[in-house]
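> need coordinates for the following:
(one chain, ligands or ions: 1)
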Amino acid sequence: DSADYDSEVESVCPFCGVGCQISLKVKDGRVKYVEGIDGPANENRLCVKGRFGFDYIHHDHRLTKPLIRREGAPKGLNVDPGNWGEVFREATWDEALDFAAKGLKGRGREVAGFGSAKCTNEEAYLFQKFIRQGFGHNNVDHCTRLCHASSVAALMENVGSGAVSATFNEIENADVAIVIGSNPIENHPVAATYFKQFAKRGGKLIVMDPRGTALKRHASHMLQFRPGADVSMLNAIMHVIVEEGLYDQGYIDRFTENWEAEKAHLAQFTPEKMSEICGIAPEVLRDVARTFAGAKGGMIFWGMGVSQHIHGTDNSRCLISLALMTGNVGKPGAGLHPLRGQNNVQGASDAGLIPMFLPDYQTVTDDGVRSAFTEVWGSGDFSAEKGLTVTEILDAVHHGDIKAMYVLGENPAMSDPDVEHAREALAKLDHLVVQDIFLTETANYADVILPASAFAEKSGTVTNTNRQVQMGRPAVPPPGEAKEDWWIEVELAKRCGLNWAYETPADVFAEMALNMKSLSNITWDRLARENAVTYPSLSPEDPGQPIVFGDGFPRDGGRAKFTPASVIAPDEAPDADYPMILTTGRQLEHWHTGSMTRRSAVLDAVEPEANCSLHPSTLRKLGVEPGGMVRLTTRRGSVEVMARADRAISPDMVFLPFAFVEAAANILTNPALDPYGKIPEFKFAAVRVEAA
Ligand code: SF4
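I've put the predicted structure just below:
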């Protein structure tokens, strides 16, 4: 009822990559409630996070003034976010920005930056420009490294573009869909509603996951394969497609290369042999192969269960090959869709917040590309060498090569694998600038904290998993003296000697469009009018293309490539000391490191406590009742956490969400990296589980 609020503002949900459009209802200067509106991805729907996860913006813990660490105050997880006075002192903006800049300016390669997929496209663009133009190198990254970096590596290699080939809504036109390594009912809940409707209409939904996720109830096939055995299972399915001649030779001839090598490689992966590795019966593998190859339109969706392995890039290579050999790219109801996690991880990556690519995935090693950017930027030549990734940057801190960091909206003290290693690195820095809305675990290590704005307090565009660029708008002002992130970046850049003269985010967007073909025909004014445009957009009137690659791929010769993948075992095999498998992830009510959702009253009430999931038989063996405490120990550390009984998880596994600082999952996780995407193996660590 409009009497319930003073104003309403249309914006975009700040949580997952679905990018639901919302209306924020404001009363007395506060967001009172949120409703879904008719965005292209959500068509009025919202999940519990979008509906109830907004009041963190009004939480008492919000940072409202710049803070500078008191002389001699020790760094570490010792600061109460509601009572920080012994560790930090308040400062004016001028003092804090001068102090922040003094510790960064002129330090070249000693500086690195972590930007954020929680910020807008304009803020991501400014952040990568700040590091490149200001310090002359590419040591800038963000949480895509911990998310879909391996998927993007495989997509760039084989398809020529890191973005999805079709929107998830295109499942409406499919007759078969694979969802692998993804738990969309919890992690992309509105996308999952489309998947469920697809199954209800008779679409064949093939779910593949070592955990029996809730989507299993809607599946025609549920392949609960052994953790880490993705390549063996997928290669066996493709083996059957080759063996039975079910591939689309016309499509392969017209649009691909390296097919003969792929075909020859697959010969050894018989379902019978692979069944021993992946644990799926040969006849099921054959049935899935026939079902997918027989689709008129087949889509493949995947999540972190695919990407967060040392063989994450190989997993994605297999999925790409499966789509290509069956001709399931570039037509209605078909496509490749890595479901993006953060609300703006697609946009932040598009905007160049990665160490090897400038905006639009233009490579930093290309002289022509770099000079096109320095021409627009007016100054500041920067290195042709690819920069360091998130985990490599923290290693470089340990080695003494990086001594100062600017961290905007990321929380590596919670989100990095082997988090003690990350925390020690943060403590070692001689200058850490943190820009955030809360005193996060990472801010506990800061020398200076710059209070920033939440999504509902600023203007800016974000890009969802569907390639839809959407307009975010401010509904309320930032609290106290907190500022919009783009403003802070500009002021810091000026103090570091950069000649930046942006007055609004629209100015930044206009500059981005100069060197980003993906933004052709997309302008700030257009987004302000239309709320969303999908890229690529072929004309100022075109709402954008939901399906791409119908007439070839953005690679030399226009052809996609098959890259064969071999079976590689997970880095850390279970043994007598650590006999079980730990896997980590999100759960419906909480977002990533918990800094926002644990401060949202409804979400915190629904899921107030750190928890893990174990099979009932495992709990019985341990002598632990559901709700009792267990201790999880890996080679990196130990946490104690409440255990829930979950029949969907196999008896040799434990699932631990990573949102809870009191039982931080990343104390336990393995930092071993995929060699291509440099993504850590969050989804597999050898663990010992005991009654606590
Ligand atoms: Fe927000 Fe994702 Fe839920 Fe939509 S599905 S409301 S974008 S968290």
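> now do the closest residue to the ligand within the stretch 401-550 of the chain, the pLDDT please.
Here the residue of the stretch 401-550 of the chain nearest the ligand is residue 464; by Cβ to the nearest ligand atom that distance is 7.6 Å. C-betas here are computed from N, CA, C, even on glycine. Per-residue confidence at residue 464 stands at 97 (pLDDT).
> over to residue 1?
66.
> what residues are up against residue 213?
182-186, 207, 648 (Cβ atoms under 8 Å, 6 or more residues apart in numbering).
> picking that back up, isn't the residue of the stretch 401-550 of the chain closest to the ligand right next to residue 15, touching?
No. Under the criterion of Cβ atoms under 8 Å, residue 464 is not in contact with residue 15, lying 11.1 Å apart.
> so what sits against both of those two?
residue 343.
> pick out whichever of those two has more residues nearby.
Shown here are residue 464 and residue 15; by other Cβ atoms under 10 Å, residue 464 has more neighbours (33 against 27).
> pull the CA atoms of stretch 387-405 into PDB?
Extracted in PDB, the C-alpha atoms of stretch 387-405 (Å, rounded to 0.1, in the frame of the first residue of the first chain):
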ATOM      1  CA  GLY A 387      49.500  -9.300 -12.800                       C
ATOM      2  CA  LEU A 388      49.300 -11.500  -9.800                       C
ATOM      3  CA  THR A 389      46.000 -13.100  -8.800                       C
ATOM      4  CA  VAL A 390      44.300 -12.900  -5.300                       C
ATOM      5  CA  THR A 391      46.100 -15.800  -3.800                       C
ATOM      6  CA  GLU A 392      49.400 -15.000  -5.500                       C
ATOM      7  CA  ILE A 393      49.200 -11.400  -4.200                       C
ATOM      8  CA  LEU A 394      49.000 -12.700  -0.600                       C
ATOM      9  CA  ASP A 395      51.900 -15.100  -1.300                       C
ATOM     10  CA  ALA A 396      53.900 -12.000  -2.600                       C
ATOM     11  CA  VAL A 397      53.100 -10.200   0.700                       C
ATOM     12  CA  HIS A 398      54.600 -13.200   2.600                       C
ATOM     13  CA  HIS A 399      57.700 -13.000   0.400                       C
ATOM     14  CA  GLY A 400      58.000  -9.200   1.100                       C
ATOM     15  CA  ASP A 401      57.400  -8.200  -2.600                       C
ATOM     16  CA  ILE A 402      54.100  -6.500  -1.900                       C
ATOM     17  CA  LYS A 403      54.000  -4.200   1.200                       C
ATOM     18  CA  ALA A 404      50.900  -2.100   0.700                       C
ATOM     19  CA  MET A 405      47.300  -2.900  -0.300                       C
END
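> got the contact list for that stretch?
103-104, 107, 109-114, 137-143, 145-146, 149, 355-356, 364, 412, 416-417, 421-422, 424-426, 428-433, 671, 673, 678, 680.
> ok, back up a step: can you put the contacts of residue 213 in JSON lines and add secondary structure, distance to residue 161 and neighbour count?
Output for the contacts of residue 213, formatted as JSON lines (DSSP: H, G, I helix; E, B strand; the rest coil; distance: Cβ to Cβ, whole Å; neighbours: other Cβ atoms under 10 Å):
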{"residue": "182", "secondary structure": "coil", "distance to residue 161": "20", "neighbour count": "29"}
{"residue": "183", "secondary structure": "coil", "distance to residue 161": "26", "neighbour count": "25"}
{"residue": "184", "secondary structure": "helix", "distance to residue 161": "23", "neighbour count": "25"}
{"residue": "185", "secondary structure": "helix", "distance to residue 161": "28", "neighbour count": "20"}
{"residue": "186", "secondary structure": "helix", "distance to residue 161": "28", "neighbour count": "20"}
{"residue": "207", "secondary structure": "strand", "distance to residue 161": "26", "neighbour count": "27"}
{"residue": "648", "secondary structure": "coil", "distance to residue 161": "35", "neighbour count": "14"}
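> which one of those residues is nearest to the ligand?
Among these, and counting by Cβ to the nearest ligand atom, the member closest to the ligand is residue 184, at 8.9 Å.
> isn't the closest one up against residue 195?
Yes. The pair residue 184 and residue 195 passes the contact test of Cβ under 8 Å, sitting 6.2 Å apart.
> mind checking which of the contacts of stretch 387-405 are in strands?
111-114, 140-141, 431-433, 671, 673, 680 (DSSP state E).
> any chance of these in TSV, with neighbour count and pLDDT too?
Shown next, in TSV, are the ones in strands among the contacts of stretch 387-405 (neighbours: other Cβ atoms under 10 Å; pLDDT from 0 to 100):
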residue	neighbour count	pLDDT
111	26	98
112	29	98
113	27	98
114	28	97
140	28	97
141	28	95
431	19	98
432	25	98
433	26	98
671	20	93
673	21	93
680	27	92
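> checking the nearest residue to the residue of the stretch 401-550 of the chain closest to the ligand once chain neighbours are set aside next. Helix, strand or coil?
Nearest non-adjacent residue to residue 464, counting by Cβ to Cβ, 6 or more residues apart in numbering: residue 19, 2.6 Å away. Assigned by DSSP: H, G, I helix; E, B strand; the rest coil, the conformation of residue 19 is coil.
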